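1. Task: produce atomic coordinates for the following.
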Amino acid sequence: MAKSIYTKYGDNGETGLLYGGRVSKADPRTEAYGAIDETVSVLGLAKSLSPKERVREALDRLQHELFTVGAELATDPGSRDKLLKHFAIVSSGMTAALERSIDDIAAEIELPREFIIPGGSPASAAIDLARTTLRRAERRAVALYDANELNNPELLRYLNRASDLLFMLARYQDKA
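-> Next up is the predicted model:
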């Protein structure tokens, strides 16, 4: 007999955090890592639409790194020691790698001077959609940080750079 996908634990509007504890599905922490989850899914769509290997590789790397972000956001600050035992956390090295990628792309494309309306291609539109869901995740993470519910300021820098990279990848995607 196959294992059931449903547990019924969330039927009352609560969900479990990564290292114990239950919170409302409307909790700010849940909102933050939920927006990360949305972003990972939209990145999968973008990756499936892109014919460019460089773009697909960058999106795949972001998807994997966003699992690290999600784990950190899904952990109550009181359980941080457990997180550090089992997972990596967002590091300055991760942010620096994003900056190098942004700089590499910037050296190859010229950005238009006017506002960019998404939709130059299905792939770039999906990348721009991922950027907007990531910006929402960033806003939710800032709220957690402001409420002293997030210990790692590097996570905020990482999210900011990751959305910058997505902006650049969308422009690169539509480069002739």
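2. secondary structure element for the residue nearest to residue 173 when sequence neighbours are not counted?
-> Counting by CB to CB, 6 or more residues apart in numbering, residue 173 lies nearest to residue 124, which is 4.2 Å off, once chain neighbours are set aside. Heads up, the C-betas are built off the backbone N, CA and C, glycines and all. In this assignment (DSSP states H and E), residue 124 forms part of helix 122-146.
3. Show me which residues of the host helix or strand of residue 169 are buried.
-> Here residue 169 is covered by helix 153-173, with elements defined by DSSP H and E. Judged by neighbour count (16 or more other CB atoms under 10 Å), helix 153-173 contains these buried residues: 154-173.
4. any idea how far residue 117 is from residue 175?
-> 16 Å (CB to CB, to the nearest Å).
5. Pick out whichever of the two has more residues nearby.
-> Using other CB atoms under 10 Å, the more surrounded residue of residue 117 and residue 175 is residue 175, with 12 against 8.
6. sorry, back to before: is it correct that the residue nearest to residue 173 is in contact with residue 117?
-> No - using CB atoms under 8 Å, residue 124 makes no contact with residue 117, being 10.7 Å away.
7. ok, residue 172 - contacts?
-> Applying CB atoms under 8 Å, 6 or more residues apart in numbering to residue 172 gives the contacts 52, 54-55, 105, 108-109.
8. can you put the residues you listed in JSON lines and add secondary structure, pLDDT and distance to residue 10?
-> Shown next, in JSON lines, are these (DSSP: H, G, I helix; E, B strand; the rest coil; pLDDT from 0 to 100; distance: CB to CB, whole Å):
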{"residue": "52", "secondary structure": "coil", "pLDDT": "97", "distance to residue 10": "39"}
{"residue": "54", "secondary structure": "helix", "pLDDT": "97", "distance to residue 10": "39"}
{"residue": "55", "secondary structure": "helix", "pLDDT": "98", "distance to residue 10": "35"}
{"residue": "105", "secondary structure": "helix", "pLDDT": "97", "distance to residue 10": "40"}
{"residue": "108", "secondary structure": "coil", "pLDDT": "94", "distance to residue 10": "46"}
{"residue": "109", "secondary structure": "coil", "pLDDT": "94", "distance to residue 10": "44"}
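9. That concludes my questions; thank you for your assistance.
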